[in-house]
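1. Predicted model and sequence below, questions to follow.
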Amino acid sequence: METGLQGKTALLTGGSSGIGKGIALALAAEGVRLAIASRRPDPAALDEIAAAGGAPVVRIAADVSQEGEVVRMVQAAIAGLGHLDFYINNAAWTWHQPITKLDSNAWYSTLNTNLSAAAWATREVSRHLIARRSGGIIIIGSTVRFFPAYTETAYRVSKMGLRMLMQQLAIELAPYGIRVNMVTPGHYATRMTGGIAPEVEDQLRGLIPLHRFGDPLEVGHAVAFLLSDKLSPYTVGGDLVIDGGLTLNPLPLRTADEIEQLNL
Ligand SMILES: NC(=O)c1ccc[n+]([C@@H]2O[C@H](COP(=O)([O-])OP(=O)(O)OC[C@H]3O[C@@H](n4cnc5c(N)ncnc54)[C@H](OP(=O)(O)O)[C@@H]3O)[C@@H](O)[C@H]2O)c1
């Protein structure tokens, strides 16, 4: 299906690993010219993305937990690409601590990297897009915002905050023809989730009706859909959950064999 994204330009944070790399590959395949920012964007991943799109990728080293770095990042993307059509806020990290041990460093690191960075970046990008009277913004959320989990207070609060930030942006920018939407992934095997024990991963797989984790490219295709004015021109403030059914939370849990038995 024709997306109409060929030749558009996008700044993507955290785009050289995990879900961000899936987004980058999907957009590159549609002909979007990319600037990718993170603290240390992986050169090999950027080469792979450039090859997928047949165009060089602008590499920006920036720590998005610092407001000044975010401002510089947006300026570097505009300078490197000529202008921006899209911004995808994907970079995030998490520090795990129980409430009784929560320290301000971990709290502010998480909130600044995940939530404040999105506010600063979208402020900068919005000014540019408003002047152009077009564009799109995607915020990468997470299904973690639907449930609490032990030791993950700061991360889950940050993802809950992103949801309201997305809605605020959506109403304030829609009059300028700028569509803002969210993509909400479930569970994906990435560096961020790499510390999860195999037995917990098995438990998690059992909670997902599709019985598998997601593929970052599946998030990338959703982002391409939501950025495309051909495919989703009337979608504003939308939230596409891509979780294999995780948040349907079917209880009691049944194994794939038990479900087969139901249907014999
Ligand atoms: N994996 C999952 O199951 C899952 C589920 C739902 C939502 N998500 C969301 O998906 C997004 C990507 O996560 P992922 O799972 O793909 O993990 P990942 O591979 O660890 O990606 C995180 C990215 O963020 C960048 N980053 C982290 N801190 C940064 C900082 N201070 N400044 C600039 N960049 C920074 C990292 O690059 P550098 O190290 O080079 O800075 C990295 O590219 C996140 O928003 C996450 O919340 C993930």
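-> Yep, that arrived.
2. how about the helix ranked longest in the chain, does it reach the ligand?
-> Counting by DSSP state H, the longest helix found in the chain is helix 153-173. No - legend: contact between helix 153-173 and the ligand by CB under 6 Å from any ligand atom is lacking; minimum distance shown is 6.5 Å. Just so you know, the C-beta spots here come from the backbone N, C-alpha and C atoms, and that holds for glycine as well.
3. for that helix, the distance to its chain's centre please.
-> With CA atoms, centre = their mean, to the nearest Å as the basis, the distance from the averaged C-alpha position of helix 153-173 to the chain average is 12 Å.
4. Report whether the next helix or strand after it contacts the ligand.
-> Counting by DSSP states H and E, the next helix or strand C-terminal to helix 153-173 is strand 178-185. Yes - Strand 178-185 reaches the ligand (CB under 6 Å from any ligand atom) through residue 185.
5. same for strand 178-185, what does it pack against?
-> Strand 178-185 makes packing contacts with helix 117-132, strand 135-140, helix 153-173, helix 216-227, strand 239-242 when contacts are defined by 3 or more CB pairs under 8 Å, 6 or more residues apart in numbering; DSSP states H and E.
6. So residue 107 sits against residue 154, correct?
-> Yes - counting by CB atoms under 8 Å, residue 107 touches residue 154, with 5.1 Å between them.
7. of these two, who's got more company?
-> Higher neighbour count among residue 107 and residue 154: residue 154, with 22 against 16, using other CB atoms under 10 Å.
8. still on that earlier bit, can I get the helices and strands packed on strand 178-185 in a markdown table including mean pLDDT and distance to residue 23?
-> Output for the helices and strands packed on strand 178-185, formatted as a markdown table (pLDDT from 0 to 100; distance: least, CB to CB, whole Å):
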| stretch | mean pLDDT | distance to residue 23 |
| --- | --- | --- |
| helix 117-132 | 98 | 15 |
| strand 135-140 | 98 | 8 |
| helix 153-173 | 98 | 16 |
| helix 216-227 | 98 | 4 |
| strand 239-242 | 98 | 12 |
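9. Mean neighbour count, these: which tops it?
-> When the helices and strands packed on strand 178-185 are scored by mean count of other CB atoms under 10 Å, the highest mean neighbour count falls to strand 135-140 (a mean of 26).
10. in its sheet, what does that strand sit against?
-> For strand 135-140, sheet partners with direction are given as strand 86-89 (parallel), strand 178-185 (parallel), following DSSP bridges.
11. Tell me which of these sits nearest to residue 54.
-> Closest to residue 54 of the strands paired with strand 135-140 is strand 86-89 (CB to CB; 18.5 Å).
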